[in-house]
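[1] only the shape, not the letters, is given here:
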């Protein structure tokens, strides 16, 4: 029991953060609280294998993320995927975090419901569970049937509460409903910026200021 109490609780929250917005940051804060985490690594992807290329450079996305996080306790802007060559595979990132925090750390990969539905198509999906727990930030229709390959992948892994999840270092799945599901879309933010429309109250003030100062995401004529 003492080992469970003392083991660090670490989460990985990946994404393109193109750009980081208040929905990303609020979800990270609520994840930190709900799971009793020591640290949430917010990790921008350099080359997301299943998505198109981000609109601005990795270094600019990282700078915006650091501005957005500011001095928020427990949140870390982690550049490790930007420092690797090739596609940003989550399994490789989890392996680095596992090595850094040790075999008894309670390591969590958090992802949204839509990403979860495509999990069976990810690179080495079985390896994810060998390295970490998965926490799915659910939406209301999560009771819909899972695709067959995904159902097989997660069979026998799902637990109902945080205590059961954290009783082991890895290998389990928890669906989690966060209190503030802020319906902010990075796609919509980019569209508004391209059209020269307001993004006030969608982004942290420091992020908005840098984007406007540098003309990021503006449509070129």
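    That came through, no problem. These figures come from a predicted structure and were not determined experimentally. Residues are numbered from 1 along each chain as shown.
[2] in the chain, what residue spans correspond to strands?
    Residue ranges of the strands in the chain, as given by DSSP state E, are 9-15, 39-44, 75-77, 106-112, 133-137, 158-159, 173-176.
[3] in a markdown table, list those strands along with distance to residue 25 and mean neighbour count.
    (C-beta placed from N, C-alpha, C; glycine too.) As requested, the strands of the chain are arranged in a markdown table below (distance: least, Cβ to Cβ, whole Å; neighbours: other Cβ atoms under 10 Å):
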| stretch | distance to residue 25 | mean neighbour count |
| --- | --- | --- |
| strand 9-15 | 10 | 22 |
| strand 39-44 | 8 | 23 |
| strand 75-77 | 7 | 20 |
| strand 106-112 | 13 | 22 |
| strand 133-137 | 14 | 23 |
| strand 158-159 | 27 | 15 |
| strand 173-176 | 17 | 19 |
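[4] make a markdown table from the ones you listed and add mean pLDDT and distance to residue 56 to it.
    A markdown table is the format used below for the strands of the chain (pLDDT from 0 to 100; distance: least, Cβ to Cβ, whole Å):
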| stretch | mean pLDDT | distance to residue 56 |
| --- | --- | --- |
| strand 9-15 | 96 | 14 |
| strand 39-44 | 97 | 11 |
| strand 75-77 | 98 | 15 |
| strand 106-112 | 96 | 22 |
| strand 133-137 | 96 | 25 |
| strand 158-159 | 97 | 37 |
| strand 173-176 | 96 | 30 |
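[5] which one of those lies closest to residue 27?
    Evaluated over the strands of the chain, closeness to residue 27 peaks at strand 133-137, with 6.4 Å, by Cβ to Cβ.
[6] residue contacts, the closest residue to residue 219 other than its chain neighbours?
    Spatial nearest neighbour of residue 219, excluding adjacent residues (Cβ to Cβ, 6 or more residues apart in numbering): residue 194 at 4.2 Å. By Cβ atoms under 8 Å, 6 or more residues apart in numbering, residue 194 lies in contact with 217, 218, 219.
[7] narrow these to just the buried residues.
    residue 217 (16 or more other Cβ atoms under 10 Å).
[8] now, which of the contacts of residue 194 sits nearest residue 92?
    Among the contacts of residue 194, and counting by Cβ to Cβ, the member closest to residue 92 is residue 217, at 29.0 Å.
[9] quick check: residue 14 touching residue 93?
    Yes - between residue 14 and residue 93 there is a contact under Cβ atoms under 8 Å: 7.0 Å.
[10] so what sits against both of those two?
    Contact criterion Cβ under 8 Å, 6+ apart; residues shared by residue 14 and residue 93: 43, 81.
[11] need the contact list for residue 75.
    25, 28, 29, 32, 39, 40, 42, 69.
[12] contacting residues around the first one?
    When the contact criterion is Cβ under 8 Å, 6+ apart, the partners of residue 25 are 68, 69, 72, 75, 204.
[13] try 6 Å
    Residues near residue 25 by Cβ atoms under 6 Å, 6 or more residues apart in numbering: residue 68.
[14] just the helices in the chain please.
    Shown for the chain, the helices assigned by DSSP state H span residues 2-6, 22-35, 58-69, 90-101, 113-117, 125-131, 148-154, 162-165, 186-194, 205-214.
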